[in-house]
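Asker: for reference, the sequence and a predicted model appear below.
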Amino acid sequence: MPLTKEDGRRIREENSGLKEKEICEKHNLKQIGGSQTKIDGSDGINNKSIKNASGSSTQVHLTTQKSFIEKMGLQSYESEFVHRFCGNPSIKNNGKDRYHTTEIDSVFVDSFFNFLVNNKKKVIDYIINNGFGITHIVYKDTKNNKEYELKYDEVISKIENCNWVVKKGAIHLKNKEGKSYFHFQREGKSSQTNRYNVLWHIHKELFK
């Protein structure tokens, strides 16, 4: 049975509240959290980003198209890809308010793809760190009650030999074995206030 909106809200509150607090206490951290910082827990030296997930991936960064385009310094063709891929209310594409990668002119897809290739570290730093001095990322597999942790520098090292792969509804950063470490999609919720946002996920495979 699919999750309801209320289920989703409750799970998000638990993950960012009690479950996050448990991990902070385990690591002797002061819980910080909130939407204005990447730091979920800190001891004054170590700033940790904490991700609770019941599946193979979870949200690591969510922002508006405008903010993402400005922060990344995207040029016109690259920006156009984001606009079409994430959508807007004015798009009427056979009942859809967005375009999949297979429906977008290749000049826009290629431009955004080349940007990702040429700015891999910049993009990953933005979505996991964004200037907040993150030193560690903790990934808690809540379904199997297993915790993983990587230092920020270890994450950057692990993506060194990864490649971007364009899929119909997402763009993945995959290792040589084809396992996803991160992926980009649109938020796609029912409400138009957040339906067209840029959403990045982090995958459990990164920590294995």
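Answerer: All right, it came through fine. Numbers count the residues shown, from 1 in each chain.
Asker: for this structure, which segments count as helices?
Answerer: With helices called from DSSP state H, the chain shows them at 5-16, 18-26, 65-72, 76-86, 106-118, 120-128, 152-158.
Asker: closest one to residue 51 among those helices?
Answerer: Evaluated over the helices of the chain, closeness to residue 51 peaks at helix 5-16, with 8.2 Å, by Cβ to Cβ. All C-beta atoms are positioned from the backbone trio N, CA, C, and that covers glycine.
Asker: that older thread, mind putting the helices of the chain in TSV, mean neighbour count, distance to residue 194 and mean pLDDT included?
Answerer: Shown next, in TSV, are those (neighbours: other Cβ atoms under 10 Å; distance: least, Cβ to Cβ, whole Å; pLDDT from 0 to 100):
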stretch	mean neighbour count	distance to residue 194	mean pLDDT
helix 5-16	13	12	48
helix 18-26	16	22	94
helix 65-72	16	11	98
helix 76-86	20	11	98
helix 106-118	16	22	98
helix 120-128	18	17	98
helix 152-158	15	27	98
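Asker: and of the ones you listed, who's closest to residue 201?
Answerer: Across the helices of the chain, residue 201 has its closest neighbour in helix 120-128 (9.4 Å, Cβ to Cβ).
Asker: ok, now which ones touch residue 149?
Answerer: Taking Cβ atoms under 8 Å, 6 or more residues apart in numbering, we find residue 149 in contact with 136, 137, 138, 139, 207.
Asker: let's have the helices of the chain in CSV, adding distance to residue 51.
Answerer: Shown next, in CSV, are the helices of the chain (distance: least, Cβ to Cβ, whole Å):
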stretch, distance to residue 51
helix 5-16, 8
helix 18-26, 9
helix 65-72, 20
helix 76-86, 22
helix 106-118, 22
helix 120-128, 10
helix 152-158, 12
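Asker: so for residue 45, which of those helices sits nearest?
Answerer: Closest of the helices of the chain to residue 45 is helix 152-158, at 13.1 Å (criterion: Cβ to Cβ).
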